[in-house]
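# Provided below for reference: sequence and predicted model.
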Amino acid sequence: MRTRHQDGWVEERGTKSRRWYGHYYRYLTDATGKETRQHVVTVLGEKSKLRKWAAEEKLRKIIASVTKAQPKPNVLTLAWFVRERFLPMRQAQWAPSTRETNLYHLDKHILPALGDKVLCEIEKFHCQVFLNGLAEKGFSFTIVDHCRTMLKAVFEEALDADLIGKNPARKLVNPETREAEKPVLPKLQARQLLEALPFRDRLMAAIAAFCAMRPGEIFGLRWSSWRADHFQIEGTAWRGTLRPGKAKTKGSKAPVTIPDVLLPALQMWHEQHASAPADALIFPTEKGTPMRPENWLRRRVKPIAQAVGITVPVNFQVLRRTFATNAQGFGSAKDVQTHLRHSDIGTTLGVYTQPIDANVRRLVNAVADDVMTSKSERVQ
């Protein structure tokens, strides 16, 4: 921003309520050195509470604060832009879990590698080498892709602010990364685990396994969420705090079918809490607040899983993936997508539904037998 003296000017506006408005100019210089002037209007206060001279004085202070010498575009670093411009604008739009993830990748990966570089001097080469380096260090596709997405978003904001001429992250490609493990709980072990858990924990684990709900959805369930044969997502919980009306996506608020085998247990649990109001949590802590998923898994589930010899790490994503995998043969891929409430069926098929070797062998044998068997033989 160019530094020059100006006092601006004030005017009063309004019909029923008169207010003082201040006017001044901001001078911005882009990466090429071209200067542009922006007219800025700001509300100073109500006329009944602010004399004109006081409004003029307030405007001069505003001008002084925003026209202080700031770094020129050719010395602005990526770290400065992220902390001073990008995060103040964007993180208020992120859900708490998204904010935590995005800040982690920015602070842990992106800024240590690229933060000190001058914003307008960062090229596609620097960004792609950074992603390649993450892959070489053994980071998963999810982490590499998240960093790519964050870089693209940061530079897009810088482009909108006329601080760079083009987005160097627009055409980045994900390098080859290590194959992420996607374990599924074998049916026998799933049954052993559910039978070994105490009643309340068994009911919660069964909802995770058969309703395929996310942890924030389960621990945000209230009695009003139970609608006979399905749950209606009315909010979610995060880090022990209930977030009414919030869900991961708009589609996440779709009804969640409850299998018939769970209804008696759910009814029994409700009878034990007959005095609970409709807005009370179904599975609260002793203090009445939402449970933390990581604490429940660590204290209540994993010790029992280890005791009965479960070989697969038990968590909510494993249980959702197990449902998607076991659902093969009982319904279409669209049915599974609907139950998991994914917006993209590619997520259902590519991330959650894992191949079953026996099913693949049965398919291959059926095709081979069909080709190698004559029509007369098939009739016989």
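On my side now, so go ahead.
# Please point out which parts of stretch 337-346 sit buried.
For stretch 337-346, a neighbour-count test (16 or more other C-beta atoms under 10 Å) marks 337-342, 345 as buried. The C-beta positions use only the backbone N, C-alpha and C, and glycine is treated the same way.
# end-to-end on that stretch?
End-to-end distance for stretch 337-346: 9 Å, by C-alpha to C-alpha, to the nearest Å.
# Check what contacts that stretch and list those residues.
With C-beta atoms under 8 Å, 6 or more residues apart in numbering as the test, stretch 337-346 has contacts from 212, 249, 251-252, 254, 256-257, 320, 323-324, 327, 333-334, 348, 352.
# ok, 6 Å please
Stretch 337-346 is contacted from outside by 212, 249, 251-252, 254, 348, using C-beta atoms under 6 Å, 6 or more residues apart in numbering.
# Can you flag which of the residues you listed belong to helices?
If you go by DSSP state H, those have nothing in helices.
# With respect to Asn132, which of the residues you listed is nearest?
For these, the residue nearest Asn132 by C-beta to C-beta is Thr348; the value is 30.1 Å.
# one step back: how about the contacts of stretch 337-346, which pair is most distant?
In these, the most distant members under the criterion C-beta to C-beta are Ala212 and Thr249, with 14.9 Å between them.
# of those two, who's got more company?
Neighbour comparison, Ala212 and Thr249: the larger count goes to Ala212, with 23 against 10 (by other C-beta atoms under 10 Å).
# so that one makes contact with Arg320?
Yes - counting by C-beta atoms under 6 Å, Arg320 is a contact partner of Ala212 at 4.7 Å.
# what are the phi and psi angles of Pro198?
According to degrees, to the nearest 10, the main-chain angles of Pro198 amount to phi -60, psi 160.
# Near it, how many other residues are there?
Pro198 - counted by other C-beta under 10 Å - has 9 other residues nearby.
# if we can go back for a sec, CSV for the buried residues of stretch 337-346, including distance to Ala205, secondary structure and pLDDT?
Listed next are these as CSV, based on distance: C-beta to C-beta, whole Å; DSSP: H, G, I helix; E, B strand; the rest coil; pLDDT from 0 to 100:
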residue, distance to Ala205, secondary structure, pLDDT
Gln337, 23, helix, 88
Thr338, 22, helix, 89
His339, 17, helix, 89
Leu340, 17, helix, 87
Arg341, 19, coil, 89
His342, 22, coil, 86
Ile345, 27, helix, 83
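# Now distance to Gly216 too, for the residues you listed, in CSV please.
Conversion of these to CSV gives the following (distance: C-beta to C-beta, whole Å):
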residue, distance to Gly216
Gln337, 20
Thr338, 20
His339, 17
Leu340, 15
Arg341, 13
His342, 16
Ile345, 23
